[in-house]
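Participant: Predicted model and sequence follow; I will ask about them next.
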Amino acid sequence: MTRLSKVLVIAIALGSLGIAAFAAALVTGGPNWEAIAQSSEISQSVSITRNETGLYSATMRVTGEQVTTSPSKNLAEVVVKSEQKILADLKSQVQELQPKVEALIPVSAAVLAVIERDHAGLQTHANLWSKQLQALSADIARLTAELTQKASQNTLIQQELGERRFEVLRLQNQLELLRDDLFAAETQRDALQRELLLLEESRKRLESRQNQLKGQLGEGNYTTDKQP
């Protein structure tokens, strides 16, 4: 279809070019064959050249086929033959493509019917997938909210754990201080016990010495509680 359209466009352009050349001939007394030869409608398909002797020749760009049997001094003749060759090739292509186009028309209709049917099925699947995507989006939003809440709770737990760790460290510090105080008290107690033992031994020695002195003075059975 695209190729046929291109062929028809070129054919219409050449026809328009011919009409324009005819109109220019009526106005100016003759067409501008140099401009026509260099126009895109012709130059795209035909290469028109001029040799050193001033003769013009035309060659098909794709196939390399000579449009004119021999070079000519008349540029108009070469341009007209080039246009005729292009039109003949276009007609041949149209005739070649027309049966293919006619054969493709029913196939195209069948394909369009299949596409239409498949489009309905695809639309149904698309609607189903859209609902599934909406459900997944809702689940994702719910999970995100739950994760956010758990993250907030985890933050509070971490904060509470930090406070508990600080409290443990404070209690450990107090325990160390109490242990230091206990060690100091035990050390003082041991010192007092040793001093008490020394005092007790001193008292016993003094009592023994006192009893000895009293025995020497004839005061046997004298006690410290007896009144004189």
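Facilitator: Received, thanks.

Participant: Quick one: mean pLDDT for the helix or strand hosting T59?
Facilitator: Counting by DSSP states H and E, the element that carries T59 is strand 56-60. Across strand 56-60, the average pLDDT comes to 88.

Participant: mind checking the longest helix of this structure?
Facilitator: With secondary structure taken from DSSP state H, the chain has its longest helix at helix 75-216.

Participant: how far away is V79 from R50?
Facilitator: 12 Å (Cβ to Cβ, to the nearest Å). C-betas here are computed from N, CA, C, even on glycine.

Participant: Who has more neighbours out of these two?
Facilitator: For V79 versus R50, neighbours defined as other Cβ atoms under 10 Å are more numerous around V79 (24 against 14).

Participant: Now do the longest helix of the chain: which elements does it pack against?
Facilitator: Helix 75-216 is packed against helix 2-28, helix 33-38, helix 40-43, strand 46-50, strand 56-60, with contacts defined by 3 or more Cβ pairs under 8 Å, 6 or more residues apart in numbering; DSSP states H and E.

Participant: for the protein, where's the lowest mean pLDDT among helices and strands?
Facilitator: None of the helices or strands of the chain scores lower by mean pLDDT, DSSP states H and E than helix 2-28, at a mean of 55.

Participant: Tell me the backbone dihedrals of T69, please.
Facilitator: phi -70, psi -30 (degrees, to the nearest 10).

Participant: Can you list the low-confidence ranges for the chain?
Facilitator: Flagging of the chain using pLDDT under 70 yields the residue ranges 1-30, 219-228.

Participant: now with 50?
Facilitator: Counting by pLDDT under 50, the low-confidence segments of the chain come to 22-29, 222-228.

Participant: And the contacts of the strand holding T59?
Facilitator: With contacts defined as Cβ atoms under 8 Å, 6 or more residues apart in numbering, strand 56-60 is touched by 45-51, 65-68, 71-75, 78-79, 81-82, 85.

Participant: Of the residues you listed, grab the buried ones for PyMOL.
Facilitator: Buried subset of those, written as a PyMOL selection, criterion 16 or more other Cβ atoms under 10 Å:
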select buried, resi 45+46+47+48+67+68+71+75+78+79+81+82+85
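
Participant: Now do the SS call for G218.
Facilitator: Three-state call for G218 (DSSP: H, G, I helix; E, B strand; the rest coil): coil.

Participant: That one: neighbour count?
Facilitator: What G218 shows, counting by other Cβ under 10 Å, is a neighbour count of 7.

Participant: Can you get me a residue count around L147?
Facilitator: L147 has 11 nearby residues by other Cβ under 10 Å.

Participant: scratch that, G162
Facilitator: A total of 10 residues lie near G162 under the criterion other Cβ under 10 Å.

Participant: same thing with the one 10 residues further on?
Facilitator: A count of neighbours around Q172, defined by other Cβ under 10 Å, yields 10.

Participant: how about the strand holding T59: buried residues?
Facilitator: 56-58, 60.

Participant: Dump the residues you listed into TSV; add distance to E102 as well.
Facilitator: Formatted as TSV, those follow (distance: Cβ to Cβ, whole Å):
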residue	distance to E102
Y56	40
S57	39
A58	34
M60	28
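
Participant: from those residues, which is closest to L178?
Facilitator: The closest of the buried residues of strand 56-60 to L178 turns out to be M60 (Cβ to Cβ; 112.9 Å).

Participant: where's the closest one relative to I86, distance?
Facilitator: 9 Å.

Participant: likewise N51?
Facilitator: Taking Cβ to Cβ, one finds N51 at 22 Å from I86.
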